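**Q** Sequence below, structure please.
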Amino acid sequence: MPVDPILVPLLATLPPFPDEVEDFGALRAQELAGAETMAAQLAEPAPEGVARRAATVEVNDGNIQVHVYSPPTEGTHPAHVYLHGGGWLGGTIHNAFVDIQMRERCLGADCVVIAVEYRKAPENPFPTGLEDCYAALVWVHEQAEALGVDRGQISIGGGSAGANLAAAVCLKARDESGPAISLQLLEVPALDLTLGSASIQENATGYGLTAADLPKILRYYLADPDDATNAYASPLLATDLSRLPAAYIMSAEYDPLRDDGERYATRLRTAGVPTTYSLQRGQIHISSALTAILPAARAWRDEAIMALRAAHRQPANV
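**A** Numbers count the residues shown, from 1 in each chain. Below you'll find the model as predicted:
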């Protein structure tokens, strides 16, 4: 189907990633301020009734912050570890869009949500962010009682770069006999950093994220270009995808990264991993955030929440 007509006016306003970045601190500050303004205009308000607190997780050579969102219901809950997007260079758990989404998923799926502020490139290139995210998963497992969560029901997810990290955390947890993961919820995932998907050229321009943006971003994330073939950077290139958590993959039709999701779903199924692939027709890379203006974004939100509820062995609230 054609691109959703509601998106057409917005597409003309989305800037490309800069050719050169001299000050990443300034870039991130500008991004955060812009998110506050855009969320007020383009996202539905966060639901009430969710408690949020900050916590600190020790990682290699330092510590990171996480936000813990708890639902108002009593008892032990499933947990969902969320890894935000931003091209491994930006994004933050302090972003208004992220906060709204975490509250929606906490309440809608009746689970404790843990949003992870992993360290960013280029100051902290691959694999630092991945190691931070894995440390956060281990922390959730170890602190299950204090967090009020069932350590046997921990899912993980993310969007874009965050989905890349979530998929890589699943690989690392399998390889290192780490915490069990009930579901990997991957939204608009970047899974092949060699940029080998045909959709990158098919959707090269005109839909926000462009084919030209991707190598600009990756040169900052990957200190060594050869790391693009590392399975923890490009989970789609992993030799063995067996014994991974069940997957729910949501791709956007007009996204350069679209085929990464479909290709990964195919390989996971071949490896015997229960996998659902959901193509969001007519949508772009950032569609899921636009719940105030876009019915498809609200449907996307509901679908993701239903996937979490199913993984957490709860009936969908429909």
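
**Q** rest of the way, CA atoms for contacts and neighbours
**A** Fine.

**Q** any idea how far the strand or helix carrying V98 is from the chain center?
**A** Element membership for V98, per DSSP states H and E: helix 96-108. Helix 96-108 sits 13 Å away from the centroid of its parent chain (C-alpha atoms, centre = their mean, to the nearest Å).

**Q** Counting by contacts, list what that helix packs against.
**A** helix 24-42, strand 62-70, strand 112-117 (3 or more C-alpha pairs under 8 Å, 6 or more residues apart in numbering; DSSP states H and E).

**Q** Which helix or strand lies directly C-terminal to the second one?
**A** From strand 62-70 onward toward the C-terminus, using DSSP H and E, the following helix or strand is strand 77-83.

**Q** and the helices and strands packed on helix 96-108 as JSON lines, adding distance to F126 and mean neighbour count?
**A** Formatted as JSON lines, those follow (distance: least, C-alpha to C-alpha, whole Å; neighbours: other C-alpha atoms under 10 Å):
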{"stretch": "helix 24-42", "distance to F126": "16", "mean neighbour count": "14"}
{"stretch": "strand 62-70", "distance to F126": "16", "mean neighbour count": "19"}
{"stretch": "strand 112-117", "distance to F126": "15", "mean neighbour count": "28"}
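
**Q** Quick one: the ones you listed as JSON lines, columns for distance to N164 and mean pLDDT too.
**A** What follows is the helices and strands packed on helix 96-108, written out as JSON lines (distance: least, C-alpha to C-alpha, whole Å; pLDDT from 0 to 100):
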{"stretch": "helix 24-42", "distance to N164": "20", "mean pLDDT": "94"}
{"stretch": "strand 62-70", "distance to N164": "19", "mean pLDDT": "97"}
{"stretch": "strand 112-117", "distance to N164": "14", "mean pLDDT": "98"}
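
**Q** So which of those is nearest L236?
**A** Closest approach to L236 among these is made by strand 112-117 (22.9 Å; C-alpha to C-alpha).

**Q** The closest one pairs with which strands?
**A** Applying DSSP bridges to the sheet, strand 112-117 is found paired with strand 62-70 (antiparallel), strand 77-83 (parallel).

**Q** Tell me which of the ones you listed lies nearest to G49.
**A** Nearest of those (C-alpha to C-alpha): strand 62-70, 9.0 Å.

**Q** So which residues make contact with that closest one?
**A** 50-58, 93, 102-103, 106, 111-119, 132 (C-alpha atoms under 8 Å, 6 or more residues apart in numbering).

**Q** Give me the buried entries from the residues you listed.
**A** 50, 52, 57, 93, 102-103, 106, 111-119, 132 (16 or more other C-alpha atoms under 10 Å).

**Q** what sits against I93?
**A** Contact analysis of I93 by C-alpha under 8 Å, 6+ apart lists V66, H67, H84, D99, A115, V116, E117.

**Q** how about the helices in the stretch 201-318 of the chain?
**A** Ranges of helices in the stretch 201-318 of the chain, per DSSP state H, counting those that start in this stretch, are 213-221, 258-270, 295-311.

**Q** Which among those helices is found nearest to G282?
**A** Using C-alpha to C-alpha, the nearest of the helices of the stretch 201-318 of the chain to G282 is helix 295-311, at 8.8 Å.

**Q** chain center to that closest one: distance?
**A** Using C-alpha atoms, centre = their mean, the offset of helix 295-311 from its chain centre is 14 Å.

**Q** repeat for stretch 281-295
**A** Per C-alpha atoms, centre = their mean, the displacement of stretch 281-295 from the mean C-alpha position of its chain is 15 Å.

**Q** First-to-last residue distance for that stretch?
**A** Its start and end residues considered, stretch 281-295 measures 12 Å (C-alpha to C-alpha, to the nearest Å).

**Q** Can you list the buried residues in that stretch?
**A** Buried positions in stretch 281-295, judged by neighbour count with 16+ other C-alpha under 10 Å: G282, Q283, I284, H285, I286, S287, S288, A289, L290, T291, I293, L294.

**Q** Tell me which of those fall in strands.
**A** G282, Q283, I284 (DSSP state E).

**Q** S288 versus the first one, what's the distance?
**A** Same thing as G282. 12 Å.

**Q** pLDDT (mean, whole number) over stretch 252-261?
**A** Mean per-residue pLDDT for stretch 252-261: 98.

**Q** Give me the distance from it to the chain's centre.
**A** Distance of stretch 252-261 from the chain centroid (C-alpha atoms, centre = their mean) equals 14 Å.

**Q** residue ranges with poor pLDDT in the chain?
**A** Applying pLDDT under 70 to the chain picks out residues 314-318.

**Q** Is the residue most central in space within the chain bridged to anything, and to what?
**A** Note on the chain: the residue nearest the mean C-alpha position is G158, at 1.7 Å, using C-alpha atoms, centre = their mean. Applying DSSP bridges to G158 gives these bridge partners: L83, L186.
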